[in-house]
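next comes the sequence, and after it the predicted model I'd like to discuss.
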Amino acid sequence: MANNTAPATQQPGRRFNLVRLVATCLLALIVLVALAVLITWLVIRPKKLVYTLESGSVQNFNLTNNNNHLNATFDFVLRAYNPNSKISVYYDYIESTVTYEDQTLAFDTIDPFFQPHRNVSRVESKYVALDLALSPATSKDMRVEKTSGEIEVDVHFKARIRFKVGIWKSNHRTMRIVCSSVAVHFAWYKHFDKVPCEVEL
């Protein structure tokens, strides 16, 4: 009598071998991708972008007594340092605000620019507060600070950026830069203390 059970017993073994082959290929692919990422990182060695508020001033400051309305012009220069030797940065869109005690005082947009690797760029911004209504509490605090000859504000930047390595360009990413407790003096001869800024990317 012929034995018809051999093909049936061989089928599970073939299926197991196929699964093992697929698993081995997937594992090898994961290892190759991880190795490629590691080699790319070792070659590029990405470093954090560094931002410092280098100068700042306020002019035409006027806080009305009757209705707590503010008029003022703020000027700031942001120093952007790209320490990377192989990574360049496209700043496609930048918006910036000056705030005091969480109240926005003025807003500015900055022209797009390209920053090469190992480069220092200075970004100038001007903010005009025109007849801006302040809350009574904010107005009171600002008046008290003004008697000291300076006020402290926060300067925020929000940018849409892309990275460039060789001919490769990344997708857009949103970067936020916060320069906190920036003291601006009402007297032009007072020295401005540089402020390191925090970066969230």
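It's in. All of these numbers come straight from a predicted model, not from anything done at the bench.

where do the helices sit along this structure?
Ranges of helices within the chain are 6-44, 136-146, based on DSSP state H.

hey, least reliable of those helices by pLDDT?
Within the helices of the chain, the stretch with the lowest mean pLDDT is helix 6-44, showing a mean of 64.

what about the strands in the protein?
With DSSP state E applied, the chain shows strands at 50-63, 69-82, 88-100, 103-110, 113-115, 119-133, 150-165, 168-169, 173-185, 195-196, 198-200, listed in chain order.

CSV for the ones you listed, including distance to I30?
To be clear about C-beta, it is placed using only N, CA and C from the backbone, and glycine gets the same treatment. What follows is the strands of the chain, written out as CSV (distance: least, CB to CB, whole Å):
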stretch, distance to I30
strand 50-63, 34
strand 69-82, 32
strand 88-100, 30
strand 103-110, 42
strand 113-115, 35
strand 119-133, 36
strand 150-165, 23
strand 168-169, 22
strand 173-185, 25
strand 195-196, 40
strand 198-200, 30
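
and R20, which of those strands is closest to it?
Each of the strands of the chain was checked against R20 via CB to CB, and the shortest separation belongs to strand 168-169, namely 36.0 Å.

what residue ranges in the protein score low on pLDDT?
When residues are selected by pLDDT under 70, those of the chain lie in 1-16, 32, 34-45.

just list the residues touching the most centrally placed residue in the chain, thanks.
Note on the chain: the residue nearest the mean C-alpha position is M175, at 2.5 Å, using CA atoms, centre = their mean. With CB atoms under 8 Å, 6 or more residues apart in numbering as the criterion, the residues that contact M175 are L49, K158, A159, R160, I161, V199, E200, L201.

wait, which of those residues is closest to C179?
Using CB to CB, the shortest approach to C179 within those belongs to V199, at 10.3 Å.

quick check: P83 vs E101, distance?
34 Å (CB to CB, to the nearest Å).

residues contacting the closest residue to Y81 other than its chain neighbours?
Closest residue in space to Y81, ignoring its immediate chain neighbours: V50 at 4.2 Å, by CB to CB, 6 or more residues apart in numbering. Shown here is V50, whose contacts under the criterion CB under 8 Å, 6+ apart are A80, Y81, P83.

who wins for neighbours among those?
Of all the contacts of V50, the most densely surrounded is A80 (22 neighbours; neighbours counted as other CB atoms under 10 Å).

that one touches Y51, doesn't it?
Yes: checked against CB atoms under 8 Å, the pair A80 and Y51 is within contact range at 5.6 Å.

and stretch 168-177, how far apart are its ends?
With CA to CA, to the nearest Å as the measure, the first residue of stretch 168-177 is 25 Å from its last.

list the buried residues for that stretch?
Within stretch 168-177, the residues that count as buried by 16 or more other CB atoms under 10 Å are M175, I177.

over to stretch 178-189?
Of the residues in stretch 178-189, those scored as buried under the neighbour-count criterion (16+ other CB under 10 Å) are C179, V182, A183, V184, H185.

any idea which of those residues is closest to N67?
So of the buried residues of stretch 178-189, ranked by how close each gets to N67 (CB to CB), first place is V184, at 23.5 Å.
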